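Asks: following is a predicted model, sequence given first.
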Amino acid sequence: MLPAIEISGINKQFGDLKALDNVSFSVGQGEFFALLGPNGAGKTTLISILAGLTRADSGFIKVMGHDVVTNYRQARRSIGIVPQELVFDPFFTVRETLVFQSGYFGLKNNDAWIDELLDSLGLANKANVNMRNLSGGMKRRVLVAQALVHKPPVIVLDEPTAGVDVELRQSLWDFIQRLNKEGHTIVLTTHYLEEAEELCNKVAMMKLGKILALDDTSRFLKKPEQKTVSLKLNGQLPDALLPKLVSKETDSYLLKLSSLAELEDILAAIRVANLKVKDLSLPETSLEDAFVAMMHGDQV
Ligand SMILES: Nc1ncnc2c1ncn2[C@@H]1O[C@H](COP(=O)(O)OP(=O)(O)OP(=O)(O)O)[C@@H](O)[C@H]1O
């Protein structure tokens with residue numbers, strides 16, 4: 001199957017700064033994909049090239065098979081982008097904003113879908129309010145609706161929940177999850193790693209313009225290098241295991257595991273020391289642990 005987004009050898013330089021350094025990856029159709037990275041990693045620059053708003057120095061991006069430069073119109077029809085910045089025309093009402101955006105895509109009778117968008121995003125009672133009179137959170141909802149007026153198969157959200165309240169966050173994700181279940185591909189950048197862990201099935205981690213890792217979310221959570229084991233013993237931890245000690249609380253010890261197979265060696269060392277294991281658990285790794293390790297250059 002054609003990838004929803006194909007990114008190949010993208011480079012972008014701003015003066016001396018290499019904002020994107022040979023970035024290549026694909027997003028499969030139907031995926032819920034997280035693009036994670038600290039401030040300045042290059043996420044917004046990449047999205048801006050994807051949207052056809054910025055030109056890459058080299059490389060290409062295709063959306064549903066359409067090159068974003070040479071086949072701009074088809075590519076633009078295939079994607080809906082919710083930008084990070086709140087940009088809108090203050091003189092139009094919410095409904096007018098959405099009707100005009102539909103017109104941009106040549107859609108004349110789009111009222112049923114516009115009503116559904118207004119409903120699903122909690123904007124129904126704001127339909128006739130001027131954009132300038134909306135709160136920041138409400139404006140963000142309109143930006144989401146605006147990106148979706150043409151029912152694009154690929155939806156990109158650049159930090160959509162930055163500074164929005166819990167209620168909007170929940171309703172926004174319910175709606176986006178529904179669209180994903182209906183087959184839309186979703187790409188999300190966020191600094192809320194719990195959000196990415198809960199929603200996304202694929203994660204790419206970026207730093208200084210480079211993709212450092214890309215994998216299934218579940219594989220990031222199961223990387224053996226990130227594992228620890230929590231043990232409760234009926235005595236002091238044997239000296240042989242001290243190098244693995246991460247933290248200690250009375251008779252409970254958290255030990256680092258470089259692989260799951262190492263657990264056997266740890267238990268053997270405890271037997272040799274004539275100690276008993278009173279309790280044992282393998283705490284779950286979070287996406288945040290994997291992200292922090294990756295950004296600090298630890299092996300993931
Ligand atoms: N128009 C521009 N001119 C010069 N430098 C730029 C321009 N746009 C982006 N940059 C620089 O490129 C780098 C990548 O920025 P970008 O906004 O893509 O990062 P980001 O990952 O989206 O960060 P954030 O999480 O803060 O949104 C940064 O160092 C930024 O200062």
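Replies: Looks like it arrived, so ask away.

Asks: now for L148, how many residues are close by?
Replies: L148 has 24 neighbouring residues, counting by other CB atoms under 10 Å. Where you see a C-beta, it was placed from the backbone N, CA and C, and this is true even at glycine.

Asks: helices of the chain, residue ranges please.
Replies: Ranges of helices in the chain, per DSSP state H, are 43-50, 72-77, 94-104, 111-120, 136-148, 166-181, 193-199, 217-222, 262-272, 287-295.

Asks: which one of these lies closest to the ligand?
Replies: helix 43-50 (3.2 Å; CB to the nearest ligand atom).

Asks: for A127, which of the helices of the chain is the nearest?
Replies: helix 94-104 (4.5 Å; CB to CB).

Asks: rewinding a little: as a markdown table, the helices of the chain with distance to K210 and mean pLDDT would be great.
Replies: Listed next are the helices of the chain as a markdown table, based on distance: least, CB to CB, whole Å; pLDDT from 0 to 100:
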| stretch | distance to K210 | mean pLDDT |
| --- | --- | --- |
| helix 43-50 | 11 | 95 |
| helix 72-77 | 24 | 94 |
| helix 94-104 | 34 | 94 |
| helix 111-120 | 36 | 94 |
| helix 136-148 | 27 | 91 |
| helix 166-181 | 27 | 89 |
| helix 193-199 | 19 | 89 |
| helix 217-222 | 17 | 81 |
| helix 262-272 | 31 | 92 |
| helix 287-295 | 11 | 78 |
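
Asks: of these, which approaches K126 most closely?
Replies: Among the helices of the chain, helix 94-104 comes nearest to K126, with 5.2 Å by CB to CB.

Asks: and that closest one, what does it pack onto?
Replies: On a contact count with 3 or more CB pairs under 8 Å, 6 or more residues apart in numbering; DSSP states H and E, helix 94-104 meets helix 111-120, helix 136-148.

Asks: ok so, going back, ok, which of the helices of the chain comes nearest E31?
Replies: With distances scored as CB to CB, the stretch of the helices of the chain nearest to E31 is helix 166-181 (8.4 Å).

Asks: buried stuff in that closest one?
Replies: Buried residues in helix 166-181, counted by 16 or more other CB atoms under 10 Å: 168, 172-173, 175-176, 179-180.

Asks: now do stretch 151-166
Replies: 151-161, 164.

Asks: stretch 288-299 now?
Replies: Going by neighbour count (16+ other CB under 10 Å), the buried part of stretch 288-299 is 289-291, 293-295.

Asks: so what's the one residue in the stretch 51-200 of the chain that gets nearest to the ligand scoring on pLDDT?
Replies: Closest approach between the stretch 51-200 of the chain and the ligand, counting by CB to the nearest ligand atom: Q84, at 6.2 Å. Q84 is assigned 84 on the pLDDT scale.

Asks: name the nearest residue to it, sequence neighbours excluded.
Replies: With CB to CB, 6 or more residues apart in numbering as the criterion, Q84 has its nearest non-adjacent residue at 4.3 Å, and that residue is D158.

Asks: got it, and L287?
Replies: E197 (3.9 Å).

Asks: contacts only, for P152.
Replies: Shown in contact with P152 (CB atoms under 8 Å, 6 or more residues apart in numbering): 77-80, 184.
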